[in-house]
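[1] Could you work out the structure for the sequence below:
(chains A and B, ligands or ions: 1)
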Amino acid sequence: MYRFCVAALAGPLLSATLAMAEPLPGELPVDPYEASNENAGAAPLENPDVFVAFHGQAGIDRIVDDLVDRVIVDPRIEGIFRASDLVRLRRTLKEQFCYLLGGPCDYTGRDMVEAHKDQGITMREFNALVESLQLAMDTEGVPFAMQNRLIAKLAPMQRDVVTR
Amino acid sequence: MALTPSSAIRNNTILCCIAFWASIASPSAAEDIEPGGKLLLTRGISSVDGTGGGGIVPWALITGNETDRGIGATAHLTSVMLPDFDVVSYGAGIGLRDRLEMSYSHQTLDTGSTGPKLGLPDGYTFSQNVLAAKVRIAGDAVYGQDTWLPQIAIGAIYKKADHGDLLAALGAEDDDGVEFYVSATKLLLAQSLLLGATLRYTEANQNGLLGFGGTSDASIYPEVSVGYLLSKRLIIGGEYRAKPDNLTFAQEDAWMDLFAAYAINDAMTMSAAYADLGSIATFDDQRGLYLSLQVGF
Ligand code: HEM
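    Next up, the predicted model:
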């Protein structure tokens, strides 16, 4: 109720100033929010070697697509993604990883608390997603030490993502 | 049993642990107890004392694959083949909510054909039973990547050695004792490094296998471990553990090892090490192969 009121009041007021990203065809609308790189949940890496090791934007795109393909069939967590807008999820995850890895991207999605607050995610489910991400990075041929650079950025987001 | 101060401390420690265990494992929380969920290797392996750790040093990690919502357990079999002795340890541990760990292990030091040289029967075997409890009190070794705070745990280890009369003849004050430790463990993921430090308050001779106490009182000894993750399944590293030197008949050295631990899958971890246990019961240069298998869920 409170959220609805804030959205109803703030929506029309803020919409003019919000820097919304270009949604892709097929994306569903979401409640208005303020887009900011702060929402990515961590500061980007400064070492340019890491972005290269991920094979740039193209490599990150392949990793995210592979990751999403894996989690939506993983019996441990697929249920959580059944109602999700996967077009939007792929786009925002690609932006987020690119941004965190020091690539030339802005993150335009919601912050990690907002994106996950209704998902009831547990630690076990968080780790299931990490395992899929590791497999996706293996498939892309990202060296293990470089994979850990990204995982080190994502690991503390557990505090925002895991609510149960 | 006479209620000496040390036995009172021990009994209170055990009682307190059981009470704490019961409060964490209360039946009202039973519906969300679930097994599994940790990432590979993040439960650690089992030390010779049965505690989750490296091979000879306890770590702040909690054994078992469980997360903060679950229960997990491990069992281990470890063998160290030295020039003049064989050390064997087996046991099991339970992890609850990635917070509390309780473990048991049995250790033997087989003197084999070395026995007669010490005036003991051929194949004489020292042995002890070890009960341990550990509570994680702060930090998160794996997920706290944005802070320097390590995961910190405190623990108590109760050891009771067999053949008390012989141990007394060798100069040990007691055949049982309690060790207390605080352990800090940090995974520096961006560097693929694992760092650990432990301070142990102890008077155990050769880990307790040769009894407790002698020429000096219990004191605090440092232990460190360093590991490098080569893959999500494989970690290599080294450990160092300072120890008391309490028996007049034989000098005792620090223990150290260089190890590799490989997670075959989420149930099994195989470890191998080159262990240097120094001088044991007058026999110097006890270096050899350490092998350990840990299974769990
Ligand atoms: C550090 C780990 C994680 C990161 C960086 C992450 C990132 C994201 C991002 C960027 C979004 C889209 C935000 C937006 O739409 O504006 C999102 C949404 C979502 N995430 Fe995560 N996530 C993580 C962990 C997880 C886990 C462990 C699960 C479940 C097992 C999960 C389930 C979801 C779901 C279901 C959505 C879609 C929400 C919706 O459709 O409204 N996430 N996540």
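
[2] can you give me the strands for the chain?
    Answering for chain A, as no chain was given. Under the criterion DSSP state E, chain A contains no strands.

[3] I was thinking of chain B, sorry if that wasn't clear
    B:45-46, B:52-53, B:71-81, B:86-96, B:100-110, B:125-138, B:151-161, B:176-188, B:193-202, B:219-229, B:234-241, B:255-263, B:268-276, B:287-296.

[4] so what's residue B:187 up against?
    B:42, B:141-142, B:145, B:193-194 (CB atoms under 8 Å, 6 or more residues apart in numbering or on different chains). C-beta coordinates here come from the backbone N, C-alpha and C atoms, glycine included.

[5] what do you get if the cut-off is 7 Å, keeping everything else the same?
    By CB atoms under 7 Å, 6 or more residues apart in numbering or on different chains, the residues touching residue B:187 are B:141-142, B:194.

[6] Of these - the most surrounded one?
    Highest neighbour count within the contacts of residue B:187: residue B:141, with 27 neighbours (other CB atoms under 10 Å in any protein chain shown).

[7] ok, it - contacts?
    Residue B:141 touches B:60-61, B:150-151, B:185-187, counting by CB under 7 Å, 6+ apart.

[8] between those residues, which is closest to the ligand?
    residue B:187 (16.0 Å; CB to the nearest ligand atom).

[9] which bits of chain A sit near chain B?
    A:122-124, A:127, A:130, A:134, A:144-145, A:148-149, A:151-152, A:155-156, A:158 (CB under 7 Å from any CB of the partner chain).

[10] Would you check which pair of the residues you listed lies furthest apart?
    Greatest spatial distance among those (CB to CB): A:122 and A:145, at 28.6 Å.

[11] Which one of these two is surrounded by more residues?
    Taking other CB under 10 Å, residue A:122 and residue A:145 do not tie; residue A:122 has more neighbours (22 against 17).

[12] so the more buried one makes contact with residue A:163?
    No. With contact defined as CB atoms under 7 Å, residue A:122 does not reach residue A:163; the gap is 8.5 Å.

[13] Rebuild the contacts of residue B:187 as JSON lines, extending it with pLDDT and distance to residue B:77.
    Listed next are the contacts of residue B:187 as JSON lines, based on pLDDT from 0 to 100; distance: CB to CB, whole Å:
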{"residue": "B:141", "pLDDT": "98", "distance to residue B:77": "25"}
{"residue": "B:142", "pLDDT": "97", "distance to residue B:77": "26"}
{"residue": "B:194", "pLDDT": "98", "distance to residue B:77": "23"}
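
[14] Sketch out the low-pLDDT regions of chain B for me.
    B:1-32 (pLDDT under 70).

[15] Could you list everything the residue of it found nearest chain A pairs with in the sheet?
    At 3.0 Å from chain A, residue B:37 is the closest residue in chain B, using CB to the nearest CB. Judged by DSSP bridges, the bridge partners of residue B:37 are residue B:66.

[16] Could you report the neighbour count for it?
    For residue B:37, the neighbour count with other CB under 10 Å is 22.

[17] Now do the same contact list for the residue nearest to residue B:161 when sequence neighbours are not counted.
    The shortest distance from residue B:161 to any non-neighbouring residue, by CB to CB, 6 or more residues apart in numbering or on different chains, is to residue B:128 (4.0 Å). Going by CB under 7 Å, 6+ apart, residue B:128 touches B:107, B:159-162, B:208-209.

[18] is it true that residue B:259 touches residue B:275?
    No. Residue B:259 lies out of contact with residue B:275 (CB under 7 Å); the separation is 8.4 Å.

[19] is it true that residue B:241 touches residue B:254?
    Yes. Using CB under 7 Å, residue B:241 is in contact with residue B:254, at 6.1 Å.

[20] Compare those two (neighbour count), which wins?
    residue B:241 (23 against 16).

[21] quick one: that one from residue B:283, how far?
    19 Å (CB to CB, to the nearest Å).

[22] Ok, residue A:145 next?
    For residue A:145 relative to residue B:283 (CB to CB), the value is 42 Å.

[23] ok, now residue A:159?
    With CB to CB as the criterion, residue A:159 and residue B:283 are 52 Å apart.

[24] Residue B:99 now?
    41 Å.

[25] How about residue B:108?
    17 Å.

[26] hmm, back to that, give me the buried entries from the contacts of residue B:128.
    Buried residues within these, counting neighbours by 16 or more other CB atoms under 10 Å in any protein chain shown: B:107, B:159-161, B:208-209.

[27] Identify, from the residues you listed, the entry nearest to the ligand.
    Of the buried ones among the contacts of residue B:128, the one sitting nearest to the ligand (CB to the nearest ligand atom) turns out to be residue B:107, at 40.9 Å.
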